[in-house]
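A.B. asks: quick one: sequence and predicted model below, then my questions.
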Amino acid sequence: MDMPEWLQESFKTEHDVSVLSAAIRLAVALALGCVVAGVYYVTNAKARTSSTGLIATLVLLTVLIAMVTLVIGNSVARAFSLVGALAIVRFRTVVEDTRDTAFVIFAVGVGMAVGAGFFIVPILAIPFATIAAFVFRASDEPKARPENGDYSLNIRVGLGQDPEAMFRELFRKHLRQSRLIAVTTARQGAALDLSYVVALAQHDRALALVNDLNGIEGVQQVELRRA
């Protein structure tokens, strides 16, 4: 039985892409996404010792961007619609290493090229990007880290507090160095989340630091973990 004409029209696009062509593009995106993730893994020592979250993200992002490119096609209206839809998504993950951002852009570029059918572009670009990543990978090699190495310190305080004045003395007492890397609001704007990268003065100061911070009036939550 034939489909109604209105239903057939709803499946038509300005740039008809066959099911086989779409499947091939998505499969190529998956393969090249794995290559991008592999380059990141091999050239980044941190990726070999920490969680594989970003590695999986690079693969997924390549496939999803290819899918979005297939959906957009040559339709400007559809492109603006997708931009509006994605604008409601808020990303709060702090990317400490700018090279991680570069690999995210790498995955996006590969996904867009494959989704548009320009397979040759990422195939040519990946070797050059890989060479660049290998050339500048020396600083990524793991160094001997002392027992009092870097930690990630997250503190939640009530709105209206002065964090610098609150923590100055404790930081001098327990930390060798500290660096504020992010400030975000929490509890619908009623609190602030402060993220620091810190180095303990002594490796056994972790528990004392957390206890002393919890004892400060206005501190709602403290989290200390290895960076």
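C.D. replies: That came through, no problem. Please read all numbers here as calculations on a predicted model, not as lab measurements.
A.B. asks: T130 versus L124, what's the distance?
C.D. replies: Counting by CB to CB, to the nearest Å, the separation of L124 from T130 is 12 Å. Where C-beta positions appear, they are placed from N, C-alpha and C, glycine not excepted.
A.B. asks: one more: R205?
C.D. replies: Distance from R205 to T130, by CB to CB: 42 Å.
A.B. asks: what of F171?
C.D. replies: Here the distance between F171 and T130 works out to 41 Å (CB to CB).
A.B. asks: what is the longest strand along the chain packed up against?
C.D. replies: When the chain is parsed with DSSP state E, its longest strand is strand 175-186. Using 3 or more CB pairs under 8 Å, 6 or more residues apart in numbering; DSSP states H and E, the elements in contact with strand 175-186 are strand 191-200.
A.B. asks: buried stuff in the strand it packs on?
C.D. replies: Under the neighbour-count criterion of 16 or more other CB atoms under 10 Å, strand 191-200 has A191, L192, D193, L194, S195, Y196, V197, V198, A199, L200 buried.
A.B. asks: circling back to that earlier point, any buried residues in the longest strand of the chain, and which?
C.D. replies: Using 16+ other CB under 10 Å as the test for burial, strand 175-186 gives L175.
A.B. asks: the closest residue in space to R226 that isn't next to it in sequence bridge partners, please.
C.D. replies: Spatial nearest neighbour of R226, chain neighbours left out: Y151 (6.0 Å); criterion: CB to CB, 6 or more residues apart in numbering. Bridge pairing for Y151 (DSSP bridges) gives the partners V198, R226.
A.B. asks: quick check: Y151 touching H203?
C.D. replies: No: counting by CB atoms under 8 Å, Y151 stays clear of H203, with 10.3 Å between them.
A.B. asks: what residues does A56 make contact with?
C.D. replies: With contact set as CB atoms under 8 Å, 6 or more residues apart in numbering, A56 has these partners: A37.
A.B. asks: for the one 5 residues further on, same thing?
C.D. replies: L61 makes contact with G33, V104, A107, V108, G111, according to CB under 8 Å, 6+ apart.
A.B. asks: so it versus I24, what's the distance?
C.D. replies: Here L61 is placed at a distance of 19 Å from I24 (CB to CB).
A.B. asks: repeat that for V63.
C.D. replies: 13 Å.
A.B. asks: those two: who's more crowded?
C.D. replies: Neighbours were counted for V63 and for I24 using other CB atoms under 10 Å; V63 has more, 23 against 14.
A.B. asks: okay, and that one sits in which element?
C.D. replies: Using DSSP states H and E, V63 maps to helix 53-72.
A.B. asks: how about that helix as PDB, C-alpha atoms only?
C.D. replies: Output of helix 53-72 as PDB, limited to C-alpha atoms (Å, rounded to 0.1, in the frame of the first residue of the first chain):
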ATOM      1  CA  GLY A  53      35.900  10.400  29.700                       C
ATOM      2  CA  LEU A  54      37.400  12.800  27.100                       C
ATOM      3  CA  ILE A  55      38.500   9.900  24.900                       C
ATOM      4  CA  ALA A  56      34.900   8.600  24.700                       C
ATOM      5  CA  THR A  57      33.700  12.200  24.200                       C
ATOM      6  CA  LEU A  58      36.000  12.700  21.200                       C
ATOM      7  CA  VAL A  59      34.600   9.600  19.500                       C
ATOM      8  CA  LEU A  60      31.000  10.400  20.300                       C
ATOM      9  CA  LEU A  61      31.400  14.000  19.300                       C
ATOM     10  CA  THR A  62      32.800  13.100  15.800                       C
ATOM     11  CA  VAL A  63      29.800  10.800  15.100                       C
ATOM     12  CA  LEU A  64      27.200  13.300  16.500                       C
ATOM     13  CA  ILE A  65      28.700  16.300  14.500                       C
ATOM     14  CA  ALA A  66      28.600  14.100  11.300                       C
ATOM     15  CA  MET A  67      24.900  13.300  12.100                       C
ATOM     16  CA  VAL A  68      24.100  17.000  12.600                       C
ATOM     17  CA  THR A  69      25.900  17.900   9.400                       C
ATOM     18  CA  LEU A  70      23.800  15.400   7.600                       C
ATOM     19  CA  VAL A  71      20.600  16.800   9.100                       C
ATOM     20  CA  ILE A  72      21.500  20.400   8.200                       C
END
